[in-house]
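Peer 1: using only what follows, build the 3D model:
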Amino acid sequence: MLPLRLEIKNFLAYQSPDPLILEDLHLACLTGENGAGKSSLLDAMTWALWGRARTRSDDELIHLGQEEMMVTLDFMQDGQRFRVTRRRKLGRMRQDGRRSPGQSELFLFGYDDERKAFAAINEPSIRETQMRISQLLRLDHEIFVNSAFLQQGQAGAFTTKTPTQRKEILSEILGLNRWVYYEEKAKDELRNIQSEINLLTMRINEFEEDIAKEPTLRHDLNYARQQQVEVQTEVERAEASLAEVQGADLEYRHAEELLAAARYNIREREKDRITLFEEIERHQQRLAAYQQVVASADSIRQGYAQLEEARSADLALGDKLRELNTLNQHISSLERQLSEARQEIELEQRELLTSIDNDRQIVIIGEQAKADLEEVDRLIMLLEALETERDSCRENINGLNEELTELRTTNKTLKAEMEDIKARQELINSAAEPRCPVCLQPLDEAHKQELHDKFQAEGTQRGDAFRANAIRMDEIRAEIQSLEAQAADAEKELKSLPTFRTRRGGLEQQIVDAVEAEQRIQTYQIKLDELDSILVKERFGEALRNQLQDAYAERDNLGYDSGTHDAVRENLNLYLVYQDKAKELEFAQQAIPQVEENLQNTQKRLERCEKSIQEYMQQAARHETELEHLKIKVAEMRRRQEELSRQRTLLRNAEEKVSSVEQQLHSIAQMRERRAKMIDRKAELQEKEGVYEQLKIAFGSKGVPAMIIEAAIPELEDAANRLLSRMTNNRMHLRFDTQREKKTGGVMETLDILISDELGTRDYSLYSGGEAFRVDFAIRIALSQMLARRAGAQLRTLFIDEGFGTQDAVGRERLVEAINSIQDDFDLILVITHIDELRDAFPALIEVTKTPKGSFATVR
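Peer 2: The predicted structure follows:
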């Protein structure tokens, strides 16, 4: 995969920078201050291709304050150009303060050479489109990062480890962890098979023990069947004997029921007799009471006449009382309405007083606002002057940046010219017969010295100019830093300017409000004086007052006396008792004949009840005699039933014994069939056990993984030696030894690194400095290339972040030298650093700059 063009919107530190064009680059330095966003460009590439960027979630990648982001990457794969675009949008904010899930989009395009345009080739879903991208690249995210990214400290991460640790790292790169998984799965399956074999063996032994009991069970079955026939005969004899006395219990229960019915009737008739005696007594008492009421008839009639007279007087006085109550309610209503009219005026007075108090507070606030406005105006004037100073700083910074760019361009040209002069000078010095570069004539020593002095003067002149420009560039950077600090300080102070301007508007409004409040106070005071005059002179509710006087006069003329009414009511209550006595007299006169007739009928019913009691007592005596005879017959029936039950129990036991033995013999027949199947299953499992024993060994560390490592080491060794030979002019070569002789005899597994040079062959640990670093670098690049090849891909791009800041000048020089030596193996190498001294060490420069409007990258 070769990246060609990167377009970013709202991704991490970037907002809307111009697209980054990588198409014409081969070896470039990606530089910028720490935190400017250098690594974010690599994150953007991996996020566009695989939706992953280090350990961040998608929503955390969106630029702060924005709702959505987008990354578009053009890349070359297998000679064809592709474009992938990935977008992410934040979800809506919910009521609980959290966001709903965001939305993602993924598009894949292929370049149509005939149409000279991209055409969509993405799948229906994001998951399917992602799978197509991975298939197209033949790399997943982990393999790409581990192969194409050379991060700080990784160059020596393999060589500085112990031999055992080196084998572990190599196993991880070769993906041998899956063989550990295969081995564990084989072990698990083997344990399951062995467990089932043990279980089958135990069950087979149990079945054989049960099958051995078959002869004994057949003897028990014959004996049980003979016992069953004998008991059946005894059951039939007992059933015939019971039939002779069958039904005695039913006859006995019937006789008991008849006796119980007779005794029940006796009890019921005796209850009826008691009830009749009580009823006769009640009739006699009622007859005496009615006769006593009839004897007082004259006094009752006289009292009832007095009651009717008192009722007439009460009705007349009651009409007057109701009329009086109606007048009193009318008077209360008029008095309430008059009071409400006064309360409305008083409420209006209170509201006016409240409004006056509120407006007086507004007037006081307005007076204070006048004083505050003068101070705010003074502060605004100072901040506006500071704003002008900040703008001036920014203009100066822009001018200095332009000058800095011009000086960089000039120095780049001067450097190229100095290198050209140096090359011509070395050409003349090294040539056997030097010639003039203008006329191509041979040079004598005088002309050669003259030309040498001329080149020396021109080189010195350009070198002086180059160094003067470098000094000026340092001065400009210092000035920019100072101006940026001044602008930043001013910006902090100016954050309060909008607040003061807003404050000034508020104070001006408070002064206007105070003037309006003073005018309202005067209006409220005039209205308040008018209301005071109305209350003092009672100039309200005149119609209500007239109606109230008329109502008072009508109440006085009614002539109702409550004392007289109370006396009439007392007299009415006194004679009210004669109303009930009159009703009692009328009822008694009508009831006496009926009560006398009821008394005679009840006495006749009593005579019939006593006769019925005598008849039921005779029936009970007959039934008691019959029960004594039936008891003997029932006892015999019970004895014969018990004998039959005992014989039936013996028969049931015999049948159960026969059934139990037959069931055991049937189970033994089934056991024979199951035992045969288990023996077959055990043989099948023992065969599988042997297969999984072999798989366990094959998947183990001494099986297939060891063969893969043995095959991979020559590949890694050849690739590393090609790079190492190029970096050392064929002076150094390395070899991996996988076995080492023990001091105690025998051979042990290892992974030693042996280095050969003009001094002989030595272990890697005996090398240091530049030579060790070249070995580290060659092996690390070889590991990356091998990882990509084993994934089916070609490693065309390399990103190096080897930590230049931790290296001294010699270390940085060695790293640059190593990078230059491998540049022909890759289409694109990007070296990431923030060290200014390395900016000119590479032919191209991608500079990342961070601004308040987001970072942007520029190719120089």
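Peer 1: and residue 274, how far from residue 110?
Peer 2: From residue 274 across to residue 110, the span is 117 Å (CB to CB, to the nearest Å). For glycine as for every other residue, the C-beta is placed from the backbone atoms N, C-alpha and C.
Peer 1: looking at those two, which is more packed in?
Peer 2: residue 110 (15 against 10; other CB atoms under 10 Å).
Peer 1: next, the more buried one: secondary structure please.
Peer 2: strand (DSSP: H, G, I helix; E, B strand; the rest coil).
Peer 1: in the sheet, who's paired with it?
Peer 2: Beta-bridge partners for residue 110, by DSSP bridges, are residue 82, residue 119.
Peer 1: list the contacts for it?
Peer 2: 80, 81, 82, 83, 118, 119, 121 (CB atoms under 8 Å, 6 or more residues apart in numbering).
Peer 1: quick one: it from residue 50, how far?
Peer 2: 18 Å.
Peer 1: and if you look at residue 634?
Peer 2: For residue 634, the distance to residue 50 - CB to CB - is 100 Å.
Peer 1: so for those two, which sits in the more crowded spot?
Peer 2: Between residue 634 and residue 50, counted using other CB under 10 Å, residue 50 has the larger neighbour count: 20 against 16.
Peer 1: okay, the more buried one: pLDDT?
Peer 2: According to the prediction, residue 50 has pLDDT 93.
Peer 1: check contacts around the residue nearest to it when sequence neighbours are not counted.
Peer 2: Distances taken as CB to CB, 6 or more residues apart in numbering put residue 141 closest to residue 50, at 4.1 Å, once the chain neighbours are dropped. For residue 141, the contact set (CB under 8 Å, 6+ apart) comprises 46, 49, 50, 52.
Peer 1: which of those residues ranks first by neighbour count?
Peer 2: Highest count within the contacts of residue 141 by other CB under 10 Å belongs to residue 49, 24 neighbours.
Peer 1: let me see the contact set for that one.
Peer 2: With CB under 8 Å, 6+ apart, residue 49 has these contacts: 1, 73, 75, 84, 133, 137, 141, 144.
Peer 1: please repeat the previous calculation with a cut-off of 7 Å.
Peer 2: Neighbouring residues of residue 49 by CB atoms under 7 Å, 6 or more residues apart in numbering: 73, 84, 133, 137.
Peer 1: and whichever helix in the chain runs longest, average pLDDT?
Peer 2: Taking DSSP state H as the criterion, the chain has its longest helix at helix 297-430. In this model, helix 297-430 has a mean pLDDT of 85.
Peer 1: centre of the chain to it, how far?
Peer 2: 39 Å (CA atoms, centre = their mean, to the nearest Å).
Peer 1: check which helices and strands that helix sits against.
Peer 2: helix 445-494, helix 497-536, helix 542-556, helix 562-575, helix 577-699 (3 or more CB pairs under 7 Å, 6 or more residues apart in numbering; DSSP states H and E).
Peer 1: so how far is residue 389 from residue 852?
Peer 2: Residue 852 is 18 Å from residue 389, by CB to CB.
Peer 1: the two - which one has more neighbours?
Peer 2: Under the criterion of other CB under 10 Å, the comparison of residue 852 against residue 389 puts residue 389 first, with 14 against 5.
Peer 1: contacting residues for the residue nearest to that one when sequence neighbours are not counted?
Peer 2: Residue nearest to residue 389 in three dimensions, not counting chain neighbours: residue 490, with 6.0 Å by CB to CB, 6+ apart. Contacts here follow CB under 7 Å, 6+ apart; on that basis residue 490 touches 386, 389, 390.
Peer 1: A strand includes residue 40, no?
Peer 2: No. Counting by three-state DSSP, residue 40 is not found in a strand; it is helix.
Peer 1: now the nearest residue to it once chain neighbours are set aside. Its backbone dihedrals?
Peer 2: In space, and not counting its chain neighbours, residue 40 is closest to residue 12: 4.2 Å by CB to CB, 6+ apart. Here is the backbone geometry of residue 12 (degrees, to the nearest 10): phi 50, psi -120.
Peer 1: show the pLDDT at the closest residue to residue 370 other than its chain neighbours.
Peer 2: Of all residues not flanking residue 370 in the chain, residue 511 sits nearest, at 6.0 Å (CB to CB, 6+ apart). With respect to pLDDT, residue 511 scores 88.
Peer 1: show me the contacts for residue 511.
Peer 2: 366, 369, 370.
Peer 1: if we go to 8 Å?
Peer 2: So residue 511 contacts 366, 369, 370, 373 (CB under 8 Å, 6+ apart).
Peer 1: with neighbour count and distance to residue 159 added, can I get these in a markdown table?
Peer 2: Shown next, in a markdown table, are the contacts of residue 511 (neighbours: other CB atoms under 10 Å; distance: CB to CB, whole Å):
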| residue | neighbour count | distance to residue 159 |
| --- | --- | --- |
| 366 | 20 | 82 |
| 369 | 19 | 77 |
| 370 | 13 | 81 |
| 373 | 17 | 76 |
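Peer 1: can I get those residues in JSON lines with distance to residue 323?
Peer 2: Formatted as JSON lines, the contacts of residue 511 follow (distance: CB to CB, whole Å):
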{"residue": "366", "distance to residue 323": "65"}
{"residue": "369", "distance to residue 323": "69"}
{"residue": "370", "distance to residue 323": "72"}
{"residue": "373", "distance to residue 323": "75"}
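Peer 1: those: which two are farthest apart?
Peer 2: The span of these, defined through CB to CB, is set by 366 and 373 at 10.4 Å.
Peer 1: pLDDT weak spots in the stretch 551-700 of the chain?
Peer 2: Confidence mapping of the stretch 551-700 of the chain against pLDDT under 70 gives zero matching residues.
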